[in-house]
Each structure stands twice: as C-alpha cells, then as structure tokens.
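A.B. asks: Starting from these lines, generate the structure:
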Amino acid sequence: MTKYILAVNAGSSSVKVTFYTYENPPRAIADAQVSGITAPPPALKYKRGPVKIQEKLKEKLDTPQDAFKYILQRCFNDSELSEVASETDLAYICHRVVHGGDYKEAVTINDESLHHLEELEDLAPLHNFSALEIIRLCKEELPSVASITFFDSAFHQTMPVHVKTYPINQEIAKANGLRKYGFHGISYSFILRSVAQFLGKPVESTNVIAMHIGSGASICAIKDGKSIDTSMGLTPLAGLPGATRSGSIDPSLVFHYTSEAGKLSPGSTKEMHISTAEEILNKKSGWKALTGTTDFAEIAVSDAPDTHKLAFDIMVDRILGYIGSYYVKLNGQVDALVFAGGIGEKSALLRQTLVEQCQSLGVAIDSGANDKGPGDETVKDISLDGKGPRVLICQTNEQFEMAYSVCTR
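C.D. replies: Below you'll find the predicted structure:
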C-alpha cells in the first residue's frame, strides 16, 4: 500500500501542512494553511492540483491544535484527495520545531524525546509551544504514525565554540544551556543544497552568505557546506529586526523601557511562561512598532513616508553589517549572496539596495532580472556579469526539506 508524508509547520497564529508522496524526490499532492488563529476569523488556503480555495472560516479555531485538527479532517474528507483518507495512509508526520537545544539531527518522537523537548520550552516559550502542542496531539490521536521532529537549530551545530559561546560565567551558561544556537536551519539546509546543485558544486565545497528574510529574518555564513555563524542567538530574537521583533539591542534597554520587564506578561499561562520583556521585544517591536504595519511590501516602496523609510533603512543597515562581517569570516571566498524567505524572494527594492551597497565586494545585479523576480525555478541568478560572487534568489521550502530528508534517510 502506498504511503504518504505529512509535513507540519506550526506557529502561534498559523498552521501550514503539505502532503507529499513517499518517494525520492517527494512530490506535493496538497497544501493547506489556516491563518488568523490569534486574529479571528481564521482563514483557509487550500491547494490540490489545479484547485485553489481561499475562504474565511466560521469555525472557532483558537489554538494551533484546533487549526491542525480542522485541516486534517478537511483533507481526510476531501473525496478528490483519495490518497490520504485517514491516518492509515500516512507513513510519517514531520514537524518543524524551532529550538532543538543540542540535538544535531531530526529525532523520532517517543516518551523520552518528547520529555526532553518539553524541558527546552523555557528556552523558547514563544517558538516551541505551538509545535509541541501539535506533536502531543499526534502522539495521542494518530499513534500509528511516526512523528519526526526537525529542528531549526540543528543546522548550526557546526558553529565553532568561540562563535556560539557568550562571555558570561560558563558554569551557569552550561547548566542552563545559555549559548548561541541559531535558527531557520531547515530553510538554510534547503538553500544550501539547492544553490550547490544550481552552481554545479558539491555541497561540502560551497560557500555562501544566505539570507532568510521574512517577518522573522536571519542571515548565515556557510563555509564548505557548514554553518560557521548566524545572526540569531539563544533565541530567534537576536540579530536582524523583524515584523514584530526588535533584533539585537543593548541588553539593558528593556529595563529602561519598563520597570515591569522581568515580570510575567499578561499573555503568560501555566503552560507557557513569558516575561514582559520577551513579549515587548518579540511582539511589540520591529517594523510594526516603527510604521504600524507588519507588511514589508508597504515599507519597501520608493515613495515611502519617513517612518517607513526609516524602517527600510534600518533593515538595510543591519543586513549590510552581517554581510560585511561574514564576507571577512569567509576570507572573501564567497560563491553567492542568496536571498530567500518571503521578503527576500519578493522585494526587488531590498535586493537592489543591498547589492548596490555591496559593490566593494564585487557583486552586481541585473536590474531587469531582479525586477522580474523568481518564476517557477527554485534558484534564479540575478547577477549582472558573473565576475564576483553570484547574486541568487532561492525559493526556500521548509516542508519539502523535511519530507526530502525523510525520503533520503
């Protein structure tokens, strides 16, 4: 009997799933996403072959678990999706988990691994909670299907000790797991493999500066196919600003911002303990705090108002700082600058501005190719002459990367 793979990518406000064939390479047969969990009414996007559905939902879906259950039943009951009519049609469920601590690779969920992941929630209460809620649900209600967790932090386990160590008391740091971990690793794994194939190089000899720029944004230096540094740190808050994240700031700033910083926020629950500082810097900062919008497409325009221009200029400045640093760390041996993520793939103005300000590194951009952006191709070359490092757009796909890893393990 043919079996299929279900890849799950859960956040606090949305849940995305893709059903794949269990073959090498896997082929997507259906995509579904429920968004607006924290800002009702929830909305569904559903794609099966040529069929595309978008609709507001009347159902009350207050949690990621609710949204996941709804998606699963919607797909199982779709007579046109006969391949997956029940859990018996599934070989594996792949879960994206942001923070995996010291896990170096994907793990199959059992009582021991689930308990270990639950202990990690204190390191990433805002980021692991939704995924673990769905993992627990699958373990209870889909017990015959193996759940495999893939970690955004695993890709960065290759960072040198001096890069991932914070200059604080090391007994306390090691006892509490306080070090740089880095994230977006599932995306970087997809980017690396896709770009190496595009360049016709072995993964293990590919050097790139890769940017996953979306509402959460990071950048990674990859040398000989391994992460040697990345902008995010102990949590995804460090590094670049995001839609609602501050990015790196003076660590003392939040205590000047509010005397309540160290107290539990109103959003805390007995299951998820969030400090006021975490809530402010993760959910009430970033370009939304500067402009009032989380939509970067409204910010990255040529005639933007001053508030929007400031947010754009801040983003450019912070990215440039990391590009320069990582170019030096790679000894100038850079095969490509790679733009990925929702903003990296869509914002021609951001790419143009960044590359123009990196001309001293020998990069140049083809304005026409840049303006067109990517089409159906996974990797698109938008370099002008190909003399220096290439400038590429990679349409990253975390769900595919998880399914691919399962099919090739």
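
A.B. asks: longest single helix anywhere in this protein?
C.D. replies: Ranked by residue count and defined by DSSP state H, the top helix of the chain is helix 306-329.

A.B. asks: quick one: average confidence on whichever helix or strand comes after that helix?
C.D. replies: Next in sequence after helix 306-329, counting helices and strands by DSSP states H and E, comes strand 336-340. On average, the pLDDT along strand 336-340 is 98.

A.B. asks: Direction included, what does strand 336-340 pair against?
C.D. replies: Neighbouring strands of strand 336-340 in its sheet, by DSSP bridges, are strand 208-213 (parallel), strand 390-394 (parallel).

A.B. asks: winner for burial among those strands?
C.D. replies: Mean neighbour count (mean count of other Cβ atoms under 10 Å) peaks for strand 208-213 among these, with a mean of 28. Every residue, glycine included, has its C-beta placed from N, CA and C.

A.B. asks: And the contacts of the helix or strand immediately after that strand in the chain?
C.D. replies: Per DSSP H and E, the first helix or strand lying C-terminal to strand 208-213 is strand 217-223. By Cβ atoms under 8 Å, 6 or more residues apart in numbering, the surrounding residues in contact with strand 217-223 are 156, 182-184, 188, 192, 206-212, 227-232, 236, 239-242, 247, 315, 319, 322-323, 326, 329-330, 333, 341, 343.

A.B. asks: cutoff 6 Å now
C.D. replies: With contact meaning Cβ atoms under 6 Å, 6 or more residues apart in numbering, strand 217-223 is reached by 184, 188, 192, 207-212, 227-232, 239-240, 242, 322, 326, 329-330.

A.B. asks: again, but for stretch 294-303
C.D. replies: Outside of stretch 294-303, the residues within contact range by Cβ under 6 Å, 6+ apart are 243, 288, 291, 308, 311-312, 343, 347, 349-350.

A.B. asks: ok, of these, which one's closest to N77?
C.D. replies: Proximity of those to N77 (Cβ to Cβ) peaks at A243, which lies at 34.2 Å.

A.B. asks: how close does the closest one sit to P305?
C.D. replies: Distance, A243 to P305, using Cβ to Cβ, to the nearest Å: 18 Å.

A.B. asks: Comparing those two, which shows the higher neighbour count?
C.D. replies: In this view A243 and P305 are compared by other Cβ atoms under 10 Å, and A243 has more residues nearby, 19 against 11.

A.B. asks: does that one count as helix, strand or coil?
C.D. replies: Three-state call for A243 (DSSP: H, G, I helix; E, B strand; the rest coil): coil.

A.B. asks: Any stretches of the stretch 101-250 of the chain with poor pLDDT?
C.D. replies: In the prediction, the stretch 101-250 of the chain carries no residues with pLDDT under 70.

A.B. asks: run the last query once more with 90
C.D. replies: 118-130 (pLDDT under 90).

A.B. asks: Quick one: end-to-end distance for stretch 49-63.
C.D. replies: End-to-end distance for stretch 49-63: 28 Å, by Cα to Cα, to the nearest Å.

A.B. asks: Show me what that stretch is in contact with.
C.D. replies: Residues contacting stretch 49-63 (Cβ under 6 Å, 6+ apart): 37, 41-46, 67, 70.

A.B. asks: how about a cut-off of 7 Å?
C.D. replies: With contact meaning Cβ atoms under 7 Å, 6 or more residues apart in numbering, stretch 49-63 is reached by 34, 37, 41-46, 67, 70, 133.

A.B. asks: my guess is D31 contacts N9, does it?
C.D. replies: No. Using Cβ atoms under 7 Å as the test, D31 is too far from N9 to be in contact (10.7 Å).

A.B. asks: just to revisit the earlier point, filter the contacts of stretch 49-63 down to just the buried residues.
C.D. replies: Using 16 or more other Cβ atoms under 10 Å as the burial test, these include 34, 37, 42-44, 46, 67, 70, 133 as buried.

A.B. asks: Tell me which two of the contacts of stretch 294-303 sit farthest apart.
C.D. replies: Within the contacts of stretch 294-303, two members stand farthest from each other by Cβ to Cβ: K288 and L349, at 19.1 Å.

A.B. asks: Number of residues surrounding the nearest residue to A364 once chain neighbours are set aside?
C.D. replies: When the adjacent residues along the chain are set aside, A364 lies closest to L384, with 3.7 Å between them (Cβ to Cβ, 6 or more residues apart in numbering). Using other Cβ under 10 Å, L384 has 16 other residues around it.

A.B. asks: For K380, list each beta-bridge partner.
C.D. replies: For K380, the beta-bridge partners are I393 (DSSP bridges).

A.B. asks: Wait, it touches P374, no?
C.D. replies: Yes. Assessed by Cβ under 7 Å, K380 is found in contact with P374 at 4.5 Å.

A.B. asks: what is in contact with these two at once?
C.D. replies: I393.

A.B. asks: quick one: which of the contacts of stretch 49-63 sit in strands?
C.D. replies: Members of those lying in strands (criterion: DSSP state E): 34, 43-46.

A.B. asks: Can you tell me the SS state at S246?
C.D. replies: The three-state assignment at S246 reads coil, by three-state DSSP.

A.B. asks: Is E105 located within a strand, as I assumed?
C.D. replies: No. According to three-state DSSP, the state of E105 is coil, so it is not within a strand.

A.B. asks: Contacts only, for it.
C.D. replies: Neighbouring residues of E105 by Cβ under 7 Å, 6+ apart: A154.

A.B. asks: how much space between it and A154?
C.D. replies: 6 Å.

A.B. asks: which non-adjacent residue is nearest E356?
C.D. replies: Leaving aside its sequence neighbours, E356 sits nearest to I365 (Cβ to Cβ, 6+ apart; 7.3 Å).

A.B. asks: neighbours of that neighbour, just the number please.
C.D. replies: Neighbours of I365 (other Cβ under 10 Å): 22.

A.B. asks: Run through the bridge partners of it.
C.D. replies: Beta-bridge partners of I365, counted by DSSP bridges, are S383.
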